[in-house]
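>>> Sequence unavailable; structure follows:
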């Protein structure tokens, strides 16, 4: 078990998507002082190979943002939900679900991000003008069909 695991457990237990904390508050949660490298912005980066503490907040489903070294404050922002009943630190996570063989692995990655208004025909062209008219701010010249840019 990592000495930084209490931070992971603390973050998982939070019911908010942003957890502002001071370095002193983090030290209280950990019950140990942060290393001297806390003074460097790179220590607070979200690179999992950065340091052992980074891996703990990433496992909890959080990333750091708004890191202010001068004031000793930062915000942990939830990027994914981790159940409170998560396995203990150091245990092997469950294998990811297999993708259906008949679908591309990217299928459904935007589910829930786009809403189409009821009754809207997504197959109908959105513009009645031919694509070359008004393209790039120009207007088609009626005599020869060439694009003439008018300012």
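The structure has been received and is ready for your questions. Since the structure is predicted, the reported quantities are computational estimates derived from the model, not experimental observations. Residues are numbered from 1 along each chain as shown.
>>> Please make it C-alpha for all contacts and neighbour counts, starting now.
Will do.
>>> what stretches of the protein score poorly on pLDDT?
The chain contains residues with pLDDT under 70 at 1, 84-101, 103-112, 114, 126-151.
>>> Quick one: the strands in it, in order.
For the chain, the strands defined by DSSP state E cover 18-22, 62-68, 73-78, 138-140, 147-149.
>>> Compare those strands and give me the one nearest residue 28.
strand 18-22 (9.9 Å; CA to CA).
>>> For the closest one, which strands pair with it and how are they oriented?
If you go by DSSP bridges, strand 18-22 pairs up with strand 73-78 (antiparallel).
>>> Specify the beta-bridge partners of residue 64.
Beta-bridge partners, per DSSP bridges, of residue 64: residue 76.
>>> which residues touch it?
44, 45, 46, 74, 75, 76, 77 (CA atoms under 8 Å, 6 or more residues apart in numbering).
>>> And for residue 46?
Going by CA under 8 Å, 6+ apart, residue 46 touches 54, 58, 63, 64.
>>> Buried among the contacts of residue 64? Need that as a selection in ChimeraX.
Restricted to buried positions by 16 or more other CA atoms under 10 Å, the ChimeraX selection for the contacts of residue 64 reads:
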select :44,45,46,74,75,76,77
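>>> And the contacts of residue 64, which is closest to residue 6?
residue 76 (14.6 Å).
>>> Now for the closest residue to residue 34 other than its chain neighbours, how many residues are close by?
Counting by CA to CA, 6 or more residues apart in numbering, residue 27 is the residue found nearest to residue 34 once chain neighbours are left out, at 6.1 Å. Residues lying near residue 27 (other CA atoms under 10 Å) number 15.
>>> how close does residue 27 get to residue 117?
49 Å (CA to CA, to the nearest Å).
>>> Look at the nearest residue to residue 49 once chain neighbours are set aside and say how many residues are nearby.
Of all residues not flanking residue 49 in the chain, residue 55 sits nearest, at 7.6 Å (CA to CA, 6+ apart). Counted by other CA under 10 Å, the residues lying close to residue 55 total 21.
>>> Repeat that for residue 61.
Neighbour tally, residue 61, other CA under 10 Å: 20.
>>> That one contacts residue 82, doesn't it?
Yes: Residue 61 lies in contact with residue 82 (CA atoms under 8 Å); the separation is 6.0 Å.
>>> can you list residues touching both of those two?
Here residue 61 and residue 82 have residue 12 as joint contacts, going by CA under 8 Å, 6+ apart.
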